[in-house]
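K.L.:
how would this look folded up:
(chains A, B and C)
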Amino acid sequence: MKVLLRATFVIAGIALSACTSAERFNNDGTGGAGTGTASGIAGGAQDPTSPLFFQQSIGDRVLFEVDQSTLTPDSQFVLNGQADWLNSNPEYTAILEGHADEQGTREYNLALGARRANAVLGHLVSKGVSADRMRVISYGKERPLEICSDETCYSKNRRAVTVLSAAPSS
Amino acid sequence: MRKWIQCLTAFAILFAAPTLTMAQEREGPLRIEITEGVIEPLPYAIPDMVAETAQSEDLARQISRVIAADLSGTGLFREIPRNAHIARVTNFSSPVQFADWKAINAQALITGGVSVDGSGRLVVRFRLHDVFAGEDIGDGLQLVGTTDGWRRIAHKVADQVYSRLTGEDPYFDSRVVFVAETGPKNARQKQIGIMDYDGENVVYLTGSNSIVLAPRFSPSGNNLLYTSFESGFPKIYLLNIGNLSQQELRTPQGEMSFSPRFGPDGQTVVYSLTSGGNTDLYALNIANGQGQRLTAAPSIETAPSFSPDGSRIVFESDRSGSPQLYIMSSKGGDAQRISFGQGRYGTPVWSPRGDLIAFTKQSKGRFHIGVMRTDGSEERLLTASFLDEGPTWSPNGRVIMFTRETQGAGGRAALHSVDITGRNLRQVPTNTGASDPSWSPLLQ
Amino acid sequence: MNAGQIISGTAHVGLLAAAIFGGAFKAEPLPFEVTEVTAISSEEFALLVAPDQEPDALANIDTPEPQEAGQTPDVPVSVEETPPETAQPEVNEATQPAPLPEVEELGPPPQAEVSDEAPVLQPPEEDFAVLLPETSPQPAPQAAPRVAPQPIAQPEPDVRIDDVDQKASEPDEQAEQSEPETEETAQEEASDRIVTEAEKLEAAAPERSVRPKTRPTRAAEAPETQTAQESQTDDDSVQAALQQALGANDGPADSKPSGPPLTAGEKDGLRVAVQRCWNVGSLSSDALATTVIVSVSMAEDGKPVTSTIKLLDSSGGSGSSVKQAFDAARRAIIRCGSKGFDLPIEKYAAWREIEMTFNPERMRIK
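P.N.:
Now for the predicted structure:
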């Protein structure tokens, strides 16, 4: 009886231990379809199909220079990852939010945010993501992330964020 | 000999006459030209209005205080405090003792009487006197209204005094619509409020569930246009101030619409529409729903403002690479740039007098509110701070109200006003943070 | 006729000819404006502008029902005119105050005038400004609530502010005639231009050259007016001489001794005295574009006779802006003249009638 109990514990321990190792999954998000689903808590950060994974591992945002809406090479790298993920997970739609820092007038910043979000849209579309899965919105300077008034905060506010939502059909 | 004497006499007369005449000429009026003067607030006195019926004492005092606050608040007048008054006005009909008012250096004197008549109506009478000339300025007037509306009557009296002394059109009997703000910078709650121009009588017109921006009055003062995120996306709405009914404006297909403004006909609306990431100006007739595209440039076009006669629109565009001000016909077409200084220009607003355009300017890390002529000349900056933006004009085109936000995590927005000469910069008192003001026309 | 008489006669005729026709060789007299003016009284003036100002009497409007939230409390405002009831004091003897004192007799008796105004502190650059290069950074203009032609330093805190500087007079017990004590007064602190917030901050870090201060061109002005007057009198004198010679005689014989005309310094003193009280701060921009010419008769003590202040002419404005400009000019004359202007009594005939032109062009945007 004791042996059986111990064996159960050992087997359970081995099974659980498999959950902790994350090195199996590549960080560039190029995991093939369905390869890791069995080994992690579904929907967690380790689940490459989860939005959390999208946010934390791939990166759901790109930053911009002052007054600019052009994509830097770093941004393009992140967006490539986003495009791959979206292509692999067709059941999700996305809202692309554009933001600006407080160093501008209110309505112009609304338009600038829209430009940034649209730049992201253009890039994702060029990587094969269907345009009707995405909508563009701008918050201008209304929703800053960081609220100190200098460049360390401003740079974080000049952003475009890709917000996922599950499409109703899935 | 006689001929000699004749000659001499003739000579004498000849030479004497001019001298005599010259002396007479010098008795013509002395002429001098005054070209320099002083600019200082005009000292005035307003003893408490006489309460002519039993219940009107408080009202009389409050009305006098509001009139004084209006006049002194312009920065053009300085009140001689009541404890310095020598004479007392106890009867509105008695002759004024000008000597007593001259002695305290009051140049203008306002006397009045307040009563509540049998049917509960408020009756206010006043006279304005030029103390040193010893006579009245204009006629005495009587105004009748409700006791609830005593503030409006006080503003109307102050308006009369103000126009008679300055020659300007009045502006005190007016309201301001604005965005009331609460909460930290990264989670601001915003809702639309309306108040008297001096900050009193605030009423909120929308809830604070979603972001609202930049409300604007209609020419009649009865309706508002504003941008709201309540649908999830920025869209423009029309709100009737009287019954609070709200209506979304139908615009062509696009990601978002914002920055709406009325034209002087009260029916044409010009606004920005973003489509494919690009923002352009469009017009919409809210009576018949007809629309028109006004600009088609790959740059951002926003923050439009009509000229008072409706023929032209000034707006903000970054087609040159940075935001600048442009003027075009209200039908669209070619646009002329009018801003040429160092820096970025935005939020242009055409003065109701048609002579100036107010704007926000950013340069060297500071924000300024400024004015320029409609051809871009004579640019003058009136303010400078960390963040000033969004000017609006008083109904008489003499005062500008705008938003000033302070720096840092604890930063807060507040409304300020300034005279177009740049003098008299002061804060408009509001209970909450406040931004995006829009000044109504003079109330009738 | 002998030779002497011929020569004399020719010389006389020649002199006459030179006097009459010599004008052809003189330089053109400086042009002076001849404006058609009709003097009108204040009442007529009020009538002229009244139609612009009188609002129509509105009918009483019924009070509306209580409004919902957000509605403006729609105040029905009935505006009616009441004739000013400052009527004759037959009514209300109980509330009748003491008879109005004569307005003109306020103030200390003329002969007890205290010392002249203390000289105003002038910044040294006043005289040399023309030589300084325009781009020299000048000290940041201080903002003061009052703007006057010369910047005036802040007076001592406990000194009463008045339009002139006066030293406090100490009661002199040995004096036969006691002078009325006048307290020390000082002119109110003033800056010479309006300083906006934007300019204040710019001055801290001057990026562009500060606009040079405007200054009254006193030196240029005085000789101009003098020559104008002199040539004017020369012309007139020739004409008058002709008239006299032809027998026409219409000059009124005035008994007052006339003496020489006022010097430039005396005229300037009057001008400076009036401009100190000419407050254009509350004038509209329309009124600031209006020039008015005001005439006033002076009493022998140097005080203006208030009832004689009339508008002679105006230009650049119309209707109410003219009225505002005239009111401001009138107040300036009355206020600064209330203690009498400093004018020489022996030249009274020269300044008994004065025409002042108030031109606000330089005050428009300071």
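
K.L.:
For residue C:331, which three-state class applies?
P.N.:
Using DSSP: H, G, I helix; E, B strand; the rest coil, the three-state assignment for residue C:331 comes out as helix.

K.L.:
And it, how close does it get to chain A?
P.N.:
44 Å (C-beta to the nearest C-beta, to the nearest Å). Any C-beta I mention is one placed from the backbone N, CA and C, and that applies to glycine too.

K.L.:
In chain C, which residue sits nearest chain B?
P.N.:
Chain C approaches chain B most closely through residue C:196 (2.9 Å), counting by C-beta to the nearest C-beta.

K.L.:
For residue C:147, see how far away the spatially closest residue to that residue that is not a sequence neighbour is.
P.N.:
Taking C-beta to C-beta, 6 or more residues apart in numbering or on different chains as the measure, residue C:196 lies nearest to residue B:422, with 2.9 Å between them; neighbours along the chain are not counted. From residue B:422 across to residue C:147, the span is 12 Å (C-beta to C-beta, to the nearest Å).

K.L.:
about what we covered before: wait, what's in contact with the residue nearest to residue C:196?
P.N.:
Listed by C-beta atoms under 8 Å, 6 or more residues apart in numbering or on different chains, the contact set of residue B:422 reads B:380, B:382, B:383, C:194, C:195, C:196, C:197, C:198, C:199.

K.L.:
any idea which element it lies in?
P.N.:
Assignment of secondary structure by DSSP states H and E places residue B:422 within no helix or strand.

K.L.:
what does the stretch 151-300 of chain B put close to chain A?
P.N.:
For the stretch 151-300 of chain B, the residues in contact with chain A (C-beta under 8 Å from any C-beta of the partner chain) are B:184-186, B:188, B:211, B:213-214, B:232-234, B:255-256, B:258-259, B:272, B:274, B:276-279, B:300.

K.L.:
In strands, which of the residues you listed fall?
P.N.:
Using DSSP state E, the members of those that fall in strands are B:213, B:214, B:256, B:258, B:259, B:272, B:274, B:278, B:279.

K.L.:
Just put those in JSON lines and tack on pLDDT.
P.N.:
What follows is those, written out as JSON lines (pLDDT from 0 to 100):
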{"residue": "B:213", "pLDDT": "96"}
{"residue": "B:214", "pLDDT": "96"}
{"residue": "B:256", "pLDDT": "95"}
{"residue": "B:258", "pLDDT": "97"}
{"residue": "B:259", "pLDDT": "97"}
{"residue": "B:272", "pLDDT": "97"}
{"residue": "B:274", "pLDDT": "96"}
{"residue": "B:278", "pLDDT": "95"}
{"residue": "B:279", "pLDDT": "97"}
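
K.L.:
Could you pick out the buried ones from the residues you listed?
P.N.:
Among these, those classed as buried by 16 or more other C-beta atoms under 10 Å in any protein chain shown are B:213, B:214, B:256, B:258, B:259, B:272, B:274, B:278, B:279.

K.L.:
For the residues you listed, give me TSV that also has distance to residue B:110.
P.N.:
Output for these, formatted as TSV (distance: C-beta to C-beta, whole Å):
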residue	distance to residue B:110
B:213	41
B:214	38
B:256	51
B:258	45
B:259	43
B:272	47
B:274	53
B:278	56
B:279	51
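
K.L.:
related to what we said a few turns ago, what touches both of residue B:422 and residue C:147?
P.N.:
Here residue B:422 and residue C:147 share the contacting residues residue C:194, scored by C-beta under 8 Å, 6+ apart.

K.L.:
just checking, residue A:112 touches residue A:101?
P.N.:
No - distance between residue A:112 and residue A:101: 9.6 Å, which falls outside the contact criterion (C-beta atoms under 8 Å).

K.L.:
These two - which one has more neighbours?
P.N.:
More neighbours surround residue A:112 than the other of residue A:112 and residue A:101, with 28 against 24 (other C-beta atoms under 10 Å in any protein chain shown).

K.L.:
In which helix or strand does that one reside?
P.N.:
Since the elements are taken from DSSP H and E, residue A:112 ends up inside helix A:106-126.

K.L.:
Likewise for residue B:93?
P.N.:
Counting by DSSP H and E, residue B:93 is found in no helix or strand.

K.L.:
For it, grab the count of nearby residues.
P.N.:
Around residue B:93 there are 18 other residues, counting by other C-beta under 10 Å.

K.L.:
same question, residue C:275
P.N.:
By other C-beta under 10 Å, the residues close to residue C:275 number 22.

K.L.:
Can you give the strand pairings for whatever helix or strand residue B:434 lives in, parallel or anti for each?
P.N.:
Secondary structure assigned from DSSP H and E places residue B:434 in strand B:433-439. On the basis of DSSP bridges, the sheet neighbours of strand B:433-439 come out as strand B:175-182 (antiparallel).

K.L.:
Which single residue of chain B approaches chain A most closely?
P.N.:
Taking C-beta to the nearest C-beta as the measure, chain B has residue B:277 as its residue closest to chain A, at 2.4 Å.

K.L.:
Quick check on residue A:154: phi, psi?
P.N.:
The phi and psi values for residue A:154, taken as degrees, to the nearest 10, are phi -50, psi -40.
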